[in-house]
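The sequence and its predicted three-dimensional model are supplied below.
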Amino acid sequence: MPSPLDMLFHNMRASLGLPSYVPPTDEEKGETARAEAARIEGLRLEREAFLAAAPRYALGDGGFARSERLMGRCANGNEADRGRVFHVVAEGPDGKALCGVKEGTRSVGWTGPSEEPASCPKCLARLTKLGGTQC
Ligand SMILES: [Zn+2]
């Protein structure tokens, strides 16, 4: 028994002179779901490998940080430093840069972990002062 939605598709296609709509079988749906699960697992593994290779900093207090750039407005994509400075930003949803730089009200925010090592002199000086190291 076709569902009301299948009947609607059938009637719409028939009114346009198109061949009848054939809904995917359970086997086809399962295949699609398996392919999607495999794609998501591939992305997860790729992300894990990226994070393992990206620089990570131990802050000396048990916390960790990553190298990140500060993005500016969407209009130009980069902050005043033109996105060339990589700060040491604590991991977590509300991570802050060690040097204290903050995003502006119209900023896009932090880029997320980068494969480039931190280059902000203030962040690196504070990291040294805290007894932190790159790990
Ligand atoms: Zn910094």
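That came through fine.

If we go by neighbour counts, what in the strand or helix carrying residue 30 is buried?
Using DSSP states H and E, residue 30 sits within helix 26-53. For helix 26-53, burial by neighbour count (16 or more other C-beta atoms under 10 Å) applies to no residue. (Glycine included, C-beta is placed from N, CA and C.)

how distant is that helix from the center of its chain?
From the chain centre to the centre of helix 26-53 is a distance of 16 Å (C-alpha atoms, centre = their mean, to the nearest Å).

Assign the residue nearest the centre of the chain to helix, strand or coil.
Geometric centre of the chain, nearest residue: residue 112, 7.0 Å, by C-alpha atoms, centre = their mean. Following DSSP: H, G, I helix; E, B strand; the rest coil, the label given to residue 112 is coil.

Quick check, it in contact with residue 68.
Yes: look at residue 112 against residue 68 with C-beta atoms under 8 Å: they come within range, at 6.4 Å.

Let me see the domain layout of the chain.
With domains defined by automatic domain parsing, the chain comprises 4-53, 56-134.

Compare the mean pLDDT across these and name the weakest.
With a mean of 84, domain 56-134 has the lowest mean pLDDT of the domains of the chain.

Is the ion within reach of that domain?
Yes: residues of domain 56-134 contacting the ion under C-beta under 5 Å from the ion: 87, 97, 99, 120, 123.

okay, how far is it across that domain, tip to tip?
End-to-end distance of domain 56-134 (C-alpha to C-alpha, to the nearest Å): 6 Å.

ok now it, how far from the chain's centre?
16 Å.

got the contact list for residue 86?
Counting by C-beta atoms under 8 Å, 6 or more residues apart in numbering, residue 86 touches 67, 68, 69, 114, 116, 117, 118, 119, 120.
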